[in-house]
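In: sequence first, predicted coordinates after that:
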Amino acid sequence: MRFEKKVLATDMVKCYAIGMVEAAGEKSFVVATEKDGPIRRFALDGTQRENVCDGPGGVMTVMQTPGRTDQLMSTYKFFSPNFGGDDAKIVTYTRQGDGSWKRQVLCDLPYVHRFGVLEGADGQKWLIACTIKSACREFKNDWKTPGAVYAAKLPENLEDYDQDHQLELTCIANCQLQNHGFYTAPDRSYALVGTAAGAFRYVPPASDGADWQIDCLVVQPTSDMCMVDLDGDGKEEMVTISTFHGDTLSVWHEGAEPDTYEKVWEDPLKRAFLHAIWSGKLAGEPCALLGNRKDGRDLLRLYHEDGEYRVEIIDHDCGPANVWAFEDGGIDHIIAANRETNEVALYAVHAE
């Protein structure tokens with residue numbers, strides 16, 4: 001494949017989160033900063049639109065509210081897993097008639113890192129939110145207080161909630177050490193959560209009053225993961241990064257027993273601080289996109305060809321924190337939030 005790079009911004013210091021959105025009658029995407037900075041909206045061709053907000057940043061996750069074309073959901077004021085997450089929240093941004101975006105608090109959730117929206121078999125939408133820790137006040141990399149996973153039925157009208165009237169969350173899994181990775185199935189039927197104990201699948205209640213179904217699929221410290229059928233056998237492999245903010249890229253295939261996975265490949269190269277991850281198809285070929293934030297600071301494509309898993313370097317010395325891909329005008333594109341170089345980049349993908 002051939003990748004044509006276009007730099008969209010160089011002033012988004014520690015740019016981090018990416019979300020696909022539809023707003024103002026057009027498909028677009030937003031990029032947000034980990035530290036102090038904006039959530040900025042871009043047209044699919046990379047043209048800068050308005051800032052959803054100018055700050056304060058601390059955005060680990062940003063996404064469109066399902067069923068809405070005028071509203072985003074975002075983490076707010078999560079500035080660090082070490083210090084600065086006590087005031088973190090999940091907020092909404094609703095686009096007003098004049099093009100501005102109104103922010104309202106959905107719920108307080110200190111150290112909230114990732115979240116998503118799932119849909120039960122009965123059609124009920126659920127917010128699932130993960131905290132990386134429950135507190136951290138003594139020293140860097142203090143993990144004495146593990147995080148947790150929370151859930152709530154997601155109402156239709158999120159504007160009904162604010163700082164004084166918040167959405168009530170229920171803890172569905174506590175003691176989740178280094179609770180970092182999060183993957184939402186394309187059909188929103190389940191989420192994967194990566195922790196120091198492994199990768200867990202969360203399936204929302206199938207009916208009112210039923211329980212969440214939580215299963216451990218991979219027993220290995222997992223920082224991030226995604227699902228994709230790389231080898232084309234009709235079964236999705238799980239691609240994992242380990243350990244926490246780790247250097248090891250692996251592929252796991254379904255085992256002989258239900259809900260078990262066996263490691264079938266491990267990258268012989270160690271890549272420091274692997275972090276960005278996405279899976280899907282580029283130019284019609286299934287792949288996973290990955291990025292690491294130290295040493296080579298590469299944007300990578302993992303794919304399967306001639307019976308082997310292979311890794312291709314798309315870009316070098318950019319340091320992606322997150323990546324996403326989409327199709328526009330018959331051409332696939334990659335968005336990269338290159339945190340280590342304060343750069344937002346758009347890559348057009350061309351089949352060789």
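Out: Looks like it arrived, so ask away. Remember, predicted model here, so these are calculated numbers, not experimental data.

In: strands of the stretch 151-300 of the chain, residue ranges please.
Out: Secondary structure of the stretch 151-300 of the chain (DSSP state E, counting those that start in this stretch): strands at 170-176, 181-184, 191-195, 198-203, 213-218, 224-228, 237-242, 248-254, 261-266, 274-282, 285-292, 299-305.

In: G116: which of the ones you listed is closest?
Out: Closest approach to G116 among the strands of the stretch 151-300 of the chain (Cβ to Cβ): strand 181-184, 4.2 Å. No exception for glycine: its C-beta is placed from N, CA and C like everyone else's.

In: what residues does the closest one touch?
Out: For strand 181-184, the external contacting residues (Cβ atoms under 8 Å, 6 or more residues apart in numbering) are 61, 113-118, 130, 191-195, 199, 222-227, 241, 277.

In: now do stretch 205-222
Out: 120-122, 124, 126, 151, 172-173, 178, 181, 192, 194-204, 225, 238, 240-244, 246, 250, 252, 259-261, 263.

In: buried ones in it?
Out: The neighbour-count check on stretch 205-222 (16 or more other Cβ atoms under 10 Å) flags 205, 212, 217-218, 220-222 as buried.

In: can I get these in a markdown table including distance to L300 and pLDDT?
Out: Compiled in a markdown table, the buried residues of stretch 205-222 are given as follows (distance: Cβ to Cβ, whole Å; pLDDT from 0 to 100):
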| residue | distance to L300 | pLDDT |
| --- | --- | --- |
| P205 | 37 | 98 |
| W212 | 33 | 98 |
| L217 | 23 | 98 |
| V218 | 21 | 98 |
| Q220 | 20 | 97 |
| P221 | 21 | 98 |
| T222 | 18 | 98 |
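
In: give me every residue that touches the nearest residue to F83 once chain neighbours are set aside.
Out: Nearest non-adjacent residue to F83, counting by Cβ to Cβ, 6 or more residues apart in numbering: C136, 6.5 Å away. Applying Cβ under 8 Å, 6+ apart to C136 gives the contacts 81-83, 85, 111, 142, 145.

In: can you rerun that using 7 Å?
Out: 81-83, 142, 145 (Cβ atoms under 7 Å, 6 or more residues apart in numbering).

In: report the buried members of those.
Out: Taking 16+ other Cβ under 10 Å as the criterion, what is buried in these is 81, 145.

In: for the contacts of C136, which one is nearest R301?
Out: Among the contacts of C136, and counting by Cβ to Cβ, the member closest to R301 is P81, at 28.0 Å.

In: and that closest one, helix, strand or coil?
Out: Of the three states, P81 takes coil according to DSSP: H, G, I helix; E, B strand; the rest coil.

In: packing partners of the one helix or strand V117 maps to?
Out: Per DSSP states H and E: V117 is located in strand 112-119. Where contact means 3 or more Cβ pairs under 7 Å, 6 or more residues apart in numbering; DSSP states H and E, strand 112-119 is packed against strand 125-133, strand 181-184.

In: which other residues reach it?
Out: By Cβ under 7 Å, 6+ apart, the residues outside strand 112-119 that reach it are 60-61, 66, 75, 78, 88, 90, 125-132, 154, 180, 182, 184, 188-191, 204.

In: and that strand, what's its mean pLDDT?
Out: The average pLDDT within strand 112-119 is 98.

In: that strand vs strand 198-203, what angle?
Out: 40 degrees (axes from the mean of the first three to the mean of the last three Cα atoms, to 10 degrees).

In: between strand 125-133 and strand 112-119, find me the angle.
Out: Using the same axes, to 10 degrees: strand 112-119 against strand 125-133 is 160 degrees.

In: distance-wise, check P66 relative to T184.
Out: As judged by Cβ to Cβ, to the nearest Å, P66 and T184 stand 11 Å apart.

In: between the two, which one's more packed in?
Out: In this view P66 and T184 are compared by other Cβ atoms under 10 Å, and T184 has more residues nearby, 19 against 14.

In: can you pull out the helices in this structure?
Out: Assigned by DSSP state H, the chain shows no helices.

In: where does this structure have low pLDDT?
Out: Scanning the chain for pLDDT under 70 picks out nothing.

In: again, 90 this time
Out: 80-85, 135-141, 256, 352 (pLDDT under 90).

In: mark which of the contacts of stretch 205-222 are buried, thanks.
Out: Here, 16+ other Cβ under 10 Å leaves 120, 126, 151, 172-173, 178, 181, 192, 194-204, 225, 238, 240-242, 244, 246, 250, 252, 261 buried among the contacts of stretch 205-222.

In: and E22, what is it in contact with?
Out: So E22 contacts 64, 69 (Cβ under 7 Å, 6+ apart).

In: can you tell me how far it sits from D224?
Out: E22 is 26 Å from D224, where distance means Cβ to Cβ.

In: same check, this time on G19
Out: Distance from G19 to D224, by Cβ to Cβ: 17 Å.

In: measure how far stretch 152-164 is from the centre of its chain, please.
Out: Between the mean C-alpha location of stretch 152-164 and the chain-wide mean there is a distance of 22 Å, by Cα atoms, centre = their mean, to the nearest Å.

In: render the CA-only coordinates of it in PDB, please.
Out: Extracted in PDB, the C-alpha atoms of stretch 152-164 (Å, rounded to 0.1, in the frame of the first residue of the first chain):
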ATOM      1  CA  ALA A 152     -25.800   2.900  33.500                       C
ATOM      2  CA  LYS A 153     -28.800   2.800  31.200                       C
ATOM      3  CA  LEU A 154     -28.400   5.600  28.700                       C
ATOM      4  CA  PRO A 155     -31.500   7.800  28.400                       C
ATOM      5  CA  GLU A 156     -32.700   9.300  25.200                       C
ATOM      6  CA  ASN A 157     -32.200  13.000  26.200                       C
ATOM      7  CA  LEU A 158     -28.800  13.600  27.800                       C
ATOM      8  CA  GLU A 159     -29.500  17.400  28.100                       C
ATOM      9  CA  ASP A 160     -31.700  16.500  31.100                       C
ATOM     10  CA  TYR A 161     -28.400  16.000  33.100                       C
ATOM     11  CA  ASP A 162     -26.100  18.500  34.500                       C
ATOM     12  CA  GLN A 163     -23.800  19.100  37.500                       C
ATOM     13  CA  ASP A 164     -26.700  19.200  39.900                       C
END
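
In: nice, that's everything, thank you.
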